[in-house]
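**Q** please work out how this folds:
(one chain, ligands or ions: 2)
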Amino acid sequence: MIRTRRDAEQEESVMTAPLTQSATLPVGNRLEPAPHAEQPNGTPGGAPDHARHDTRAILESVHDLALLLADPPPAKNAGGRPMIARSKAMRDILEQIECVAASRATVLLEGETGTGKEVVARLIHSSSPRARKPFVSVNCAALSESLVESELFGHEKGAFTGAAESRVGRFELAHGGTLLLDEISEMAPKLQAKLLRVLEEEEFERVGGTRSLRVDVRVIATSNRDLEYEVARGAFRRDLFYRLNVVRFRLAPLRARREDIPALVGHFLGQFRHETGTSVRRVSQQAMEILTAYEWPGNVRQLRNTLCRASILATGEEIEPCHLPPLDPVAGTAAEFRGMTLDEIERHVILSTLRELNGNKTAAAERLGVTARTLLNKMNKYHAQNLLDAP
Ligand SMILES: Nc1ncnc2c1ncn2[C@@H]1O[C@H](COP(=O)(O)OP(=O)(O)OP(=O)(O)O)[C@@H](O)[C@H]1O
Ligand SMILES: [Mg+2]
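**A** Residues are numbered from 1 along each chain as shown. Ligands and ions are numbered 1, 2, ... in the order given. Now for the predicted structure:
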C-alpha cells in the first residue's frame, strides 16, 4: 500500500515549477531553479538550447533518484489519496502504521481538529488485511445519547418510540472491517460502560433486543481532547481508556511540523487541478512564507480550505499573498485558545512547555516566568505529572 512520493506526484500530477521562475517555490519537492538557469538572453552560460535541456533532464533524473533514495514515502489511504508525511513526526507515524495495520489492535488517535486523524484511520484500514471489508464511522459528538446507542448497536422494531423497523447498527455493518469511533471523548458515561463491555466480550445486543450478536471489528477511536486528561478529571472512564489505548498515535499540530506545509500545498493544488480544473500550479515565495509562518489553529483542514479559496481567486498559475486571507501569526496563536477556559489554557501551556523541555521542571519554570514551587503546585492541580509519564 505504501508508495514513493514520486509515484504520488505522478498520480496527483503535482507539477514542477518552471525552472525559470526563480522567485517561485516549487509546489512539490522538485528541482530548485539553478542560479544560472536562465540568463537574460535565454542561453545560460552561452550553452546551446539542446545542451541546456539535456543538462536539465540529467539534473532532474538525479534529483528524482535522490528523492527515491532519501525521501520518506507517503502512503495511500482508502480513497486512493496519499497521506503527505514529510516531517519526522509524520514519517514516524507512517512507519508505525505499517506494523499496526497487520494486527487487530485497537487504536487511539489523538490530535487537534484537522490534523488528519481520519486520514490516518483510513490508512490503517486500507493497509490492513481488512482493506476489502467496510470502513464505517460514527461521530459520537453529533448524536444524542440514545441515538448513538442505536447507531452503534442497532435496534429492534418497537424498541423505542419511532422505531418502526428494526435496524442494523454500525458494529454489524463494520463486520470484518474497521469501525471508527470519532470524538470518543464526547460519549456519554452510560454508553462508555456498554462500549467497554462490547470491546471486552466482542458481543452485544441491539437496543430492545435479547439476541447476542458477535462481530469481528477492529476499532479505531479518535479524540480532539487529551483523553488521559479527561480520565484524570473524571470525564472519561479509565478502564475504557486503557482498553482503547492499545496503540496510541498523537498527531502533532501543523504548526509543530511546518516542514509538511510545502508538500501539503503541492498536494492540494494538484488535487484542485484534478477535481475542479483550476489552473493554479504554485505559490509565490512570499505567499509560501506567509503559509509556513502562520499557526494554523484549524491545522491541515484550514490550510486546504485556504488554498481552495486562493485557487479560486487566483486568475493565473500562481497564488500570491493578495489571494490569501489575513494570516497573522499572532492571531493564529490566539485562535488556538478560542473556546478554552483560562484553566485549560494554563494546563495546555504548562504541558506543552514541559514536553518541549523533556520534562525539565527548572527550565520550564524559568521559561514560564514562575518559581519552581508555583510550577509544581500547578502541575499537581492539572495532574500534569501523570500525563507526562504516560507512554
Ligand atoms: N497528512 C495529510 N496528507 C494529506 N491530506 C491531509 C493530511 N492530513 C489531513 N489532510 C486533509 O485535511 C483534512 C482534515 O483531515 P481529517 O478529517 O483527517 O482531520 P481530523 O483530525 O479527523 O479532524 P477533526 O478532528 O475535525 O475530525 C482532510 O481534507 C484531509 O484529507
Ligand atoms: Mg475527523
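
**Q** at which residues are the strands of the stretch 251-391 of the chain located?
**A** 282-284, 318-319 (DSSP state E, counting those that start in this stretch).

**Q** redo those strands as a markdown table? Include mean pLDDT, mean neighbour count and distance to A252.
**A** (Glycine included, C-beta is placed from N, CA and C.) Output for the strands of the stretch 251-391 of the chain, formatted as a markdown table (pLDDT from 0 to 100; neighbours: other C-beta atoms under 10 Å; distance: least, C-beta to C-beta, whole Å):
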| stretch | mean pLDDT | mean neighbour count | distance to A252 |
| --- | --- | --- | --- |
| strand 282-284 | 95 | 24 | 23 |
| strand 318-319 | 96 | 23 | 25 |
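
**Q** residues in contact with the closest residue to ligand 1 within the stretch 51-200 of the chain?
**A** Per C-beta to the nearest ligand atom, G116 is where the stretch 51-200 of the chain lies closest to ligand 1, at 2.7 Å. By C-beta atoms under 8 Å, 6 or more residues apart in numbering, the contact set of G116 is 83, 251, 299-300.

**Q** and those residues near ligand 2, which?
**A** Checked against ligand 2 using C-beta under 5 Å from the ion, those give no members in range.

**Q** taking those together, which two end up most distant?
**A** Within the contacts of G116, M83 and N299 form the most distant pair, 13.8 Å apart (C-beta to C-beta).

**Q** ok so E110 is a helix residue?
**A** No - counting by DSSP: H, G, I helix; E, B strand; the rest coil, E110 falls outside a helix, being strand.

**Q** doesn't A252 make contact with it?
**A** No - judged on C-beta atoms under 8 Å, E110 makes no contact with A252 at a distance of 10.4 Å.

**Q** quick check: neighbours shared by the two?
**A** The contact sets of E110 and A252 do not overlap (C-beta under 8 Å, 6+ apart).

**Q** kindly list the main-chain dihedrals of the residue lying closest to N139 once chain neighbours are set aside?
**A** Spatially, and ignoring its direct neighbours in sequence, N139 is nearest to D182 (4.5 Å; C-beta to C-beta, 6 or more residues apart in numbering). Backbone geometry at D182, expressed as degrees, to the nearest 10, gives phi -80, psi 140.

**Q** what is the burial count for D182?
**A** Other residues lying near D182 total 20 when counted by other C-beta atoms under 10 Å.

**Q** check contacts around it.
**A** Applying C-beta under 8 Å, 6+ apart to D182 gives the contacts 117-118, 137-141, 222.

**Q** could you redo the last one with a cut-off of 6 Å?
**A** Taking C-beta atoms under 6 Å, 6 or more residues apart in numbering as the contact definition, D182 lies against 137, 139, 222.

**Q** so how far is I350 from it?
**A** Using C-beta to C-beta, to the nearest Å, D182 is found at 28 Å from I350.

**Q** of the strands of the stretch 251-391 of the chain, which is nearest A363?
**A** So among the strands of the stretch 251-391 of the chain, strand 282-284 is nearest, using C-beta to C-beta, at 37.4 Å.

**Q** please name every helix or strand in contact with that closest one.
**A** Judged by 3 or more C-beta pairs under 6 Å, 6 or more residues apart in numbering; DSSP states H and E, strand 282-284 is in contact with strand 318-319.

**Q** and the residue of the chain found nearest ligand 2, what element?
**A** Proximity to ligand 2, evaluated over the chain using C-beta to the ion, is greatest for E118 at 4.0 Å. E118 belongs to helix 117-126 when elements are defined using DSSP states H and E.

**Q** many thanks, have a good one.
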